[in-house]
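>>> Pasted the sequence and its predicted model underneath.
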Amino acid sequence: MLDIIIDKIKKQKLDVDIDLIKRAYELAEKAHKDQYRESGEPYLMHPVEVALITIELGIDTDTICAALLHDVVEDTEYTYEDIKNMFNPQIAFLVEGVTKLGKIEYKSKEEQQAENIRKMLVAMANDVRVILIKLADRLHNMRTLKYLPPHKQKEKAQETLDIFAPLAHRLGISKIKWELEDLCLRYLKPDEYYDLVNKVQKKRVEREKELNEIIDILKNKLSQSGIIADIEGRPKHFYSIYRKMVYKNKTFDQIFDLLAIRVIVDTVRDCYAALGIVHTLWKPIPGRFKDYIAMPKPNMYQSLHTTVIGPGGQPFEIQIRTWEMHRTAEYGIAAHWKYKEGITSDDLGDRLKWLREIIEFQKQTTDAKEFMETVKIDLFSDEVFVFTPKGTVIDLPVDSTPIDFAYRIHTDIGNKCIGAKVNGKMVPLDYKLKTGDIVEIITSSTSKGPSRDWLNIAKSSQAKNKIKQYFKRIYKEENIEKGKELIEKELRRQKIPYADAMKSDIIDVVLKRFNYAQIDDLYATIGSGALSASLVIGKIKEELYKDKEKEEIKSVADFEPKKQIQRERKREGVKQGIEVKGEKDLLVRFAKCCNPVPGDEIIGFITKGRGVSIHRKDCTNFKHLSEVEPERVIEARWTGEHTSSFVADIQIEATDRTGLLADITNTIVNAKVSVKAINARTNRKNTATIHLSLEVLNTEQLEKIMRDFRKLSGVIDVYRNRN
């Protein structure tokens with residue numbers, strides 16, 4: 001495998017340190033010894049393949065070494081410091097940047113994904129080589145996806161289509177982008193993918209003769225004009241065909257540019273000369289000419305595109321570019337980056353301005369879902385290109401409005417905007433800009449600032465972020481007071497003493513959990529509606545219960561378990577039907593963290609001055625307590641008949657729809673059980689989460705109602721909360 005790496009380096013004619021790469025290979029071989037992939041191959045195959053992909057991109061020594069070592073810190077005993085000491089800080093930084101945050105616990109998979117993407121983008125902003133390694137890593141994983149179970153295949157493919165293929169597009173690396181998208185389509189829509197493969201193959205055979213004739217005619221005409229050109233057919237990628245069919249509502253037979261022609265010449269002058277010759281040979285289709293040389297795409301792509309009517313009456317596309325443009329189109333930022341000649345750090349900064357905007361936004365939000373949604377919009381949206389009155393080109397996400405344009409020019413322009421002109425005519429602020437529009441923003445020094453409605457009108461995350469910052473600054477004091485009121489109201493509703501909830505040690509934990517330095521910042525966010533009071537109170541309750549349990553087990557020396565229990569006998573113990581280690585008439589209480597119900601396996605925990613706390617055996621709080629003070633654990637079991645009701649907490653996950661809550665409440669009514677509390681919320685993926693506290697007689701009754709919930713349309717899962 002090392003020979004393959006060295007041969008590839010020589011073939012690509014890279015000026016790199018072979019000895020350092022050999023050392024990286026040897027460490028990877030040693031670190032991943034006895035590790036195997038799902039395919040059964042030695043794990044070392046993966047970092048080697050990732051390194052080979054980075055070599056194809058023409059990257060430097062540090063990047064190739066980091067590619068070989070990219071899983072060493074995550075999957076073996078070696079650390080960041082080891083890599084730094086054994087190689088250099090740059091290689092260690094690149095490895096650290098690619099390493100996933102798999103060892104940290106998160107509340108949801110989406111939160112984990114958001115944190116991984118956050119870290120990757122921040123590292124990428126410091127050194128773009130991080131993302132080149134990550135793209136190579138993801139490409140090889142997608143090539144070997146068939147060895148994973150179907151649900152994992154779909155999960156990885158969707159994440160790749162949402163994040164990594166758009167990243168490759170933003171960086172202009174079409175060589176990786178197209179392959180990633182086609183692989184995603186293969187696993188997400190296998191029937192459509194293989195149907196397209198068959199149809200494209202048949203169509204290609206039909207059109208190959210016609211295409212060769214066109215190439216011969218064009219070659220002769222260019223040669224007569226003294227233009228040296230390389231001309232080839234360019235097959236359209238499957239995902240590109242699929243998108244055009246889906247989003248433009250076309251059938252396969254209506255897709256005419258399955259095989260386009262690419263003309264590569266030596267100079268920009270030759271590009272325009274070749275275009276003139278093409279238009280004299282075949283009739284161009286109006287509106288289908290695009291000059292990406294004069295107006296490059298944000299990802300540095302340059303080329304002339306034109307669609308003409310061929311000899312047989314069928315349209316076909318021709319792309320014309322120089323060799324330098326072609327290299328940029330294939331390898332993007334890897335072809336012209338700051339570690340090579342020809343590009344300055346300022347140039348690179350301009351080309352990565354979209355990344356800076358995402359990084360800035362991630363500092364402003366603690367909501368993982370909102371962050372992921374923004375990343376997907378910024379990465380995946382097509383662009384429109386509009387002009388300032390002075391002729392400066394501004395690129396914006398498709399469907400952007402004058403508000404997006406105003407904030408892209410300057411924050412003050414956006415905040416003072418009172419109207420807009422497009423192509424010299426007044427337009428409403430929700431007007432959707434089109435490529436080629438000339439936009440003029442009308443401002444006023446007496447403007448009252450942006451309207452909250454603008455958040456629904458703006459398309460770009462940059463504009464939305466600046467509008468939110470404005471309101472956050474203007475209304476911070478008001479939001480702080482409102483946030484305090486909401487917290488106090490929620491505490492009263494849940495009957496939690498304010499003094500207990502506001503203890504400094506509890507508040508410190510809560511602030512850390514939600515990434516705030518001061519409690520006023522937390523209040524302001526709650527008051528603005530960006531964070532719910534119930535979510536914060538949930539964390540406070542969690543810490544509060546921990547504190548109470550700590551107090552209960554604080555002093556073992558002052559406590560004599562059996563005598564204390566016998567002194568505090570209580571007849572309720574009989575009514576509740578709990579027998580503790582053979583004793584029936586004892587003071588017991590049911591732990592609120594897990595709410596045991598007759599039929600559950602239970603266990604007792606001796607508390608200080610409050611008798612025996614009864615937990616479910618699978619309660620996570622009990623597991624923690626029993627590890628701290630195992631001598632306080634005492635056997636318990638249900639006895640006799642149980643006529644009183646018990647509170648059970650369950651959670652329902654469902655696809656949100658009209659009437660869902662009504663169906664759930666009807667099910668509760670039919671089951672003849674009482675509801676103590678209900679809380680419902682939905683996320684941006686249209687998934688509803690409903691928390692229910694029900695009064696039931698036993699687990700049998702509880703399981704029956706849970707089965708009834710599962711039968712409802714759209715219900716994904718129903719389960720009991722363990723704490």
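Cool, the structure landed. Numbering: from 1, shown residues only.
>>> Show the contacting residues for Gly419.
With contacts defined as C-beta atoms under 8 Å, 6 or more residues apart in numbering, Gly419 is in contact with 426, 429, 441-442. Where you see a C-beta, it was placed from the backbone N, CA and C, and this is true even at glycine.
>>> same thing but 10 Å
Under the criterion of C-beta atoms under 10 Å, 6 or more residues apart in numbering, the contact partners of Gly419 comprise 402, 426-429, 440-444.
>>> just Ile91 next, same as before
Contacts of Ile91 were listed using C-beta under 10 Å, 6+ apart, and they are 20, 24, 61-69, 83-84.
>>> Ranking helices and strands of the protein by mean pLDDT, which lands last?
Across the helices and strands of the chain, the lowest-confidence element by mean pLDDT, DSSP states H and E is helix 561-567, at a mean of 40.
>>> sorry, back to before: name the member of the contacts of Gly419 with the most neighbours.
Of the contacts of Gly419, Pro402 is surrounded by the most neighbours, 28 neighbours in total, counting by other C-beta atoms under 10 Å.
>>> surely Pro296 meets Gln302?
Yes - in this structure, Pro296 is within contact of Gln302 by C-beta atoms under 10 Å, at 4.8 Å.
>>> Spit out the residues that contact those two alike.
172, 325, 328.
>>> Which strand or helix spans the last one?
Take DSSP states H and E as the rule and Thr328 turns out to sit in helix 323-331.
>>> Report the distance from that helix to the chain centre.
Using C-alpha atoms, centre = their mean, to the nearest Å, the mean C-alpha position of helix 323-331 is found 29 Å from that of the whole chain.
>>> Now do that helix: which elements does it pack against?
Counting by 3 or more C-beta pairs under 10 Å, 6 or more residues apart in numbering; DSSP states H and E, the packing neighbours recorded for helix 323-331 are helix 174-188, strand 259-265, helix 268-281, strand 315-322.
>>> List of residues touching it?
By C-beta under 10 Å, 6+ apart, the list of residues contacting helix 323-331 from outside reads 56-59, 132, 171-176, 178, 230, 262, 264-268, 271, 292-293, 296-297, 299-304, 319, 321-322, 334-337, 342.
>>> Tell me the buried residues in that helix?
Across helix 323-331, burial judged by 16 or more other C-beta atoms under 10 Å covers 324-331.
>>> can you list the weak-confidence ranges in this protein?
Low-confidence segments of the chain, defined by pLDDT under 70, span residues 100-125, 205, 256-259, 334-382, 545-576, 582-586, 609, 640-643, 684-685, 722-723.
>>> Would you mind splitting it into its domains for me?
Taking the TED database as the domain assignment, the record places the domains of the chain at 1-144, 203-337, 469-551, 578-638, 646-720.
>>> Would you format the ones you listed as CSV with distance to Thr388 included?
Compiled in CSV, these are given as follows (distance: least, C-beta to C-beta, whole Å):
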stretch, distance to Thr388
domain 1-144, 27
domain 203-337, 14
domain 469-551, 23
domain 578-638, 58
domain 646-720, 34
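>>> Those: which one's closest to Gly436?
Counting by C-beta to C-beta, Gly436 lies closest to domain 203-337 out of the domains of the chain; the figure is 9.8 Å.
>>> how far does the closest one sit from the chain's center?
What separates the centre of domain 203-337 from the centre of its chain is 34 Å, taken as C-alpha atoms, centre = their mean.
>>> what's the answer for stretch 438-446, then?
Shown here is stretch 438-446, whose average C-alpha point lies 35 Å from the average C-alpha point of the whole chain (C-alpha atoms, centre = their mean).
>>> Next: stretch 667-675.
The offset between the C-alpha centroid of stretch 667-675 and the centroid of the whole chain comes to 39 Å, using C-alpha atoms, centre = their mean.
>>> which among the contacts of helix 323-331 end up buried?
Neighbour counting over these (16+ other C-beta under 10 Å) leaves 56-59, 132, 171-176, 178, 262, 264-265, 268, 271, 292-293, 296-297, 299-304, 319, 321-322, 334-337 as the buried ones.
>>> Would you map the strands across the stretch 601-723 of the chain?
Per DSSP state E, counting those that start in this stretch, the stretch 601-723 of the chain has strands spanning 602-606, 612-616, 633-634, 636-638, 646-655, 674-682, 687-696, 715-720. These are given in chain order.
>>> looking at those, which is buried most?
With neighbours defined by mean count of other C-beta atoms under 10 Å, none of these is more surrounded on average than strand 612-616, at a mean of 25.
>>> Does the closest residue to Ile215 other than its chain neighbours belong to a helix, a strand or coil?
With C-beta to C-beta, 6 or more residues apart in numbering as the criterion, Ile215 has its nearest non-adjacent residue at 5.1 Å, and that residue is Ile231. Here Ile231 takes the strand state, with states given by DSSP: H, G, I helix; E, B strand; the rest coil.
>>> what sits against Ile231?
With the criterion set at C-beta under 10 Å, 6+ apart, Ile231 makes contact with 214-216, 218-219, 222, 261-265, 274, 318, 320.
>>> For the stretch 451-600 of the chain, which segments count as helices?
When assigned using DSSP state H, counting those that start in this stretch, the helices of the stretch 451-600 of the chain occupy the ranges 454-457, 461-474, 476-493, 498-501, 504-513, 519-528, 533-552, 561-567, 572-576.
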